[in-house]
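[1] The sequence isn't on hand, but the structure is:
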């Protein structure tokens, strides 16, 4: 299968809303793509993965920071209650 | 040419004695070890190309003027000379960062990506881990010199790649976090729904606005705590009156609620994405570069219309050149090669900007890669208009 044919079939699948099939098709024919294109496709997958991973880590950071702050706020509340009583 | 040599020789003496921060680990490295003079950069064809491409990303107009002046053997104006020196240092820093990213994207780095994404595993299964590492390193290098902002974003994302296989699973982390929230009496439905209030939250924009505002309040609450508010404000003096005690109590409750809202929000898929965005943007993103994220088939079609077709580019260039010559009232451009060269440079920059603004998400990132939009370099555009 030639590069132009692979592109045409991938676009046909995307147009039909078959995104998963489109991706599977591209990956199935990966080694038939020109090397420069292979690089771009792999980079697209890596970017998506790294961004998702960075997002997860960012959320993990928010959670850690938030839980620590809740602990501190609870301690403050308790201190305030002791003072009040 | 003699003046350029003198200029380069003078610049070679200038060294930056500082240190460079590793783009991923922030570890300090001696800048001098990674120093390249302008002479060294220009003597190496590949470095020369990377440097001029890098200058173009900083200020395409200025880059064109300075490169033309150097090529014509003119001595640079003092301001231009300072600008070029500043960019040389920035270029050396970027080259250092690329070198370090290459070290991270070694075979182990690729294995970690494989662990995270089965689609990458499939590709690596076909081409081998060594080739995959080389492909990714090459792409990172290309990104570093053509789109510094995207490169920076990606290097930040590389931070967690090293320990990815030793971390607890996301499922285990999620479960632990739910338990923690439960111990504070916070449930997913609680704060999040209350914070959403009457808002329908039907669009991404509405959700984004809510996340941004909640995250802003969350940061204020965190600052309140980390500033040691209790020690500072809740000392004996504060507890002297009931009114002050009441005030403190109300403030603590307000902060607990705003923290709870964001934490509970991280349990909701859409809200989680909106919070990530708010965090990464920090509310003050300055993105001068226009970007267009391709997420639908219609947007893909639009991107495709800008695909690299040499004959179309040449036709567009001829129209642009003729209009420019007419505007400048130049009858015979062959007598003014510098003007022609400057028209070519502006056209190349405009054309490159049109294509490089397209960034794909999901399958469309892969399709754009297939379409090879990203491989369109300025040099390729230059070749097309000759």
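    Yep, it's here. Just so it is clear, the structure is predicted and the values come from calculations on it, not from any experiment.
[2] any idea which element the closest residue to chain B within chain A lies in?
    At 3.2 Å from chain B, residue A:40 is the closest residue in chain A, using Cβ to the nearest Cβ. For every residue, glycine as well, the C-beta is placed using N, CA and C. Following DSSP states H and E, one finds residue A:40 within helix A:35-84.
[3] Tell me which residue is most central in chain A.
    Centroid-nearest residue in chain A, with Cα atoms, centre = their mean: residue A:52, separated by 2.4 Å.
[4] Could you list the low-pLDDT ranges of the stretch 101-250 of chain B?
    B:188-207, B:228-241 (pLDDT under 70).
[5] helices and strands of chain A: which one has the lowest mean pLDDT?
    helix A:35-84 (a mean of 84; mean pLDDT, DSSP states H and E).
[6] residues contacting residue B:156?
    residue A:54 (Cβ atoms under 8 Å, 6 or more residues apart in numbering or on different chains).
[7] Give the buried residues for the helix or strand hosting residue B:142.
    In this assignment (DSSP H and E), residue B:142 forms part of helix B:129-146. Using 16 or more other Cβ atoms under 10 Å in any protein chain shown as the test for burial, helix B:129-146 gives B:129, B:131-146.
[8] elements contacting the helix or strand encompassing residue B:349?
    Under DSSP H and E, the secondary-structure element containing residue B:349 is helix B:337-356. Applying 3 or more Cβ pairs under 8 Å, 6 or more residues apart in numbering or on different chains; DSSP states H and E, one finds that helix B:337-356 contacts helix B:60-71, helix B:310-327, helix B:378-385.
[9] after that helix comes which helix or strand?
    strand B:358-360.
[10] Residues contacting that next one, please?
    Against strand B:358-360 from outside (Cβ under 8 Å, 6+ apart): A:44, B:150, B:291-295, B:300, B:303, B:306, B:365-369, B:373.
[11] Show the average pLDDT along stretch B:251-258.
    Average pLDDT, stretch B:251-258: 84.
[12] what's the spacing between the helix holding residue B:142 and its chain's center?
    Taking Cα atoms, centre = their mean, to the nearest Å, one finds the center of helix B:129-146 at 16 Å from the center of the full chain.
[13] ok, residues contacting that helix?
    A:38-40, A:42-43, A:46, B:50, B:53-54, B:57, B:94, B:97-98, B:101-102, B:105-107, B:109-111, B:114, B:120, B:123-124, B:127, B:150-151, B:154, B:356, B:377.
[14] Would you list the buried entries among these?
    Buried, going by 16+ other Cβ under 10 Å: A:38-40, A:42-43, A:46, B:50, B:53-54, B:57, B:94, B:97-98, B:101-102, B:105, B:109-111, B:114, B:120, B:123-124, B:127, B:150-151, B:154, B:356, B:377, out of the contacts of helix B:129-146.
[15] Narrow those residues to those in helices?
    A:38-40, A:42-43, A:46, B:50, B:53-54, B:57, B:94, B:97-98, B:101-102, B:109-111, B:114, B:120, B:123-124, B:127, B:150-151, B:154, B:356 (DSSP state H).
[16] who touches residue B:217 in this structure?
    Residue B:217 neighbours (Cβ under 8 Å, 6+ apart): B:258, B:261.
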